[in-house]
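S.K.: Quick check, what structure comes out for this input:
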Amino acid sequence: MVFSCCVKGCRSESYPGCGLSFHSFPVKEDALKAWLKVVPVKGSTKYKKVCSNHFKSQDFVIQGARKRLTANAVPSVLVTMPMETVKVISNIQIKPPNIMAHQDVPANSMKIDICYEPVPNTSSQEITLRKRPLSDLSPSLNIPQSNKRKCVAHKYVQTSREFKPKNKSKISPGVRYSKELKQFALTLKYYSPRAYRFLRTCINLPHPATIRKILSSAECNVGFLKEVFEFLKLNVQTNPALIHVVLIFDSMAIKSELVYEKNSDKTWGYVDLGGIENVDSYEVAKESLIFQIVSYTSRFKCCIG
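M.R.: Have a look, this model is predicted:
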């Protein structure tokens, strides 16, 4: 910020290398009155500055690389305005006025011829003549730009016509996986994600993003899973291991986190009791209650909710 000295007649301004320091008016009332007696200022003194030219050398205290004023410092070196010299002329000569006789001239004795012919204005003609060539040249200046646009548009149409039949003959690079391969990929990813990543380098398996899309289509909401009950209902007659099972449940610590699901437009992560009304519904969940069935006769276990 550039400061200027408020002392009348002083033209000092702050700039890099000026060698001057600018000081604000004091806040204390007694010191402020002493400053205003020497440097009268109209209005507020909040943004007014006085340069170091108006202080004596004993008014400063050097603190490190900066010069500061003492507590009792008052501007004392003021600018002296040059006095105008007035010359006094003592020998004044007064001459008597010359009196001349005036005679009235009748109005009818003087005839004045007035010319009413218009005088041509040459400046306006020059301006119109200079403006005319610019207006005539403006269409010719736009011709190269319009030709350039037409050339670009023509090239784009030609390239699009060339690539259109080529794109029609090409087969889509997308891979359609069978239902058995998807089930195998889901099972392998469930048992070992690291083994799944390694096996993907050897054989053609779905991308992990595809696995996430498949899992997102299944409804795994809070509560008991309907898909698991449908599976047990279909396989209980053919698989004897599903006849004698035990139901166990336990709590599991989970990561406290809020996740937004775009498909259902819902935020998951709050305490949810699966349809039971909860007072503290906006509390972030820290644990989950898991229900699981385990077979007596075989190594079969399945989470049902």
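S.K.: what are the phi and psi angles of the residue nearest to residue 261 when sequence neighbours are not counted?
M.R.: Spatial nearest neighbour of residue 261, excluding adjacent residues (CB to CB, 6 or more residues apart in numbering): residue 268 at 6.2 Å. No exception for glycine: its C-beta is placed from N, CA and C like everyone else's. Backbone geometry at residue 268, expressed as degrees, to the nearest 10, gives phi -100, psi 150.
S.K.: Residue 69 too?
M.R.: Per degrees, to the nearest 10, the backbone of residue 69 is at phi -80, psi 150.
S.K.: Does it touch residue 55 like I think?
M.R.: Yes - contact criterion CB atoms under 8 Å: residue 69 and residue 55 qualify, at 6.9 Å.
S.K.: Pull up the overlap in contacts between these two.
M.R.: residue 23 (CB atoms under 8 Å, 6 or more residues apart in numbering).
S.K.: Could I get the pLDDT score of the nearest residue to residue 286 once chain neighbours are set aside?
M.R.: Nearest residue to residue 286, sequence neighbours excluded (CB to CB, 6+ apart): residue 256, at 5.5 Å. pLDDT recorded at residue 256 is 83.
S.K.: same thing with residue 298?
M.R.: Per-residue pLDDT puts residue 298 at 82.
S.K.: quick one: the nearest residue to it once chain neighbours are set aside from residue 225, how far?
M.R.: Nearest non-adjacent residue to residue 298, counting by CB to CB, 6+ apart: residue 241, 3.8 Å away. According to CB to CB, to the nearest Å, residue 241 and residue 225 sit 19 Å apart.
S.K.: What's the separation between residue 44 and residue 6?
M.R.: According to CB to CB, residue 44 and residue 6 sit 11 Å apart.
S.K.: the more surrounded of those two?
M.R.: Comparing residue 44 with residue 6 by other CB atoms under 10 Å, the one with more neighbours is residue 6, at 18 against 8.
S.K.: In terms of secondary structure, what does the helix or strand harbouring residue 186 contact?
M.R.: Per DSSP states H and E: residue 186 is located in helix 179-191. Packing partners of helix 179-191 (3 or more CB pairs under 8 Å, 6 or more residues apart in numbering; DSSP states H and E): helix 193-200, helix 208-217.
S.K.: Which among those is found nearest to residue 24?
M.R.: With CB to CB, the closest approach to residue 24 among those belongs to helix 208-217: 65.0 Å.
S.K.: how many neighbours does the residue nearest to residue 298 have?
M.R.: Per other CB under 10 Å, the neighbour tally for residue 241 reads 14.
S.K.: Three-state assignment for it, please.
M.R.: helix (DSSP: H, G, I helix; E, B strand; the rest coil).
S.K.: Give me the pLDDT for it.
M.R.: pLDDT recorded at residue 241 is 77.
S.K.: Pick out the shakiest of the helices and strands packed on helix 179-191, pLDDT-wise.
M.R.: If these are sorted by mean pLDDT, helix 208-217 sits at the bottom with a mean of 84.
S.K.: Keeping just the C-alphas, turn that one into PDB.
M.R.: Taking C-alpha atoms only, helix 208-217 is exported to PDB below (Å, rounded to 0.1, in the frame of the first residue of the first chain):
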ATOM      1  CA  PRO A 208     -14.100 -56.600 -10.300                       C
ATOM      2  CA  ALA A 209     -16.400 -53.700 -11.300                       C
ATOM      3  CA  THR A 210     -18.700 -56.200 -13.100                       C
ATOM      4  CA  ILE A 211     -18.700 -58.400  -9.900                       C
ATOM      5  CA  ARG A 212     -19.700 -55.300  -7.900                       C
ATOM      6  CA  LYS A 213     -22.600 -54.600 -10.300                       C
ATOM      7  CA  ILE A 214     -23.800 -58.200 -10.000                       C
ATOM      8  CA  LEU A 215     -23.700 -58.000  -6.200                       C
ATOM      9  CA  SER A 216     -25.500 -54.600  -6.200                       C
ATOM     10  CA  SER A 217     -28.400 -56.200  -8.100                       C
END
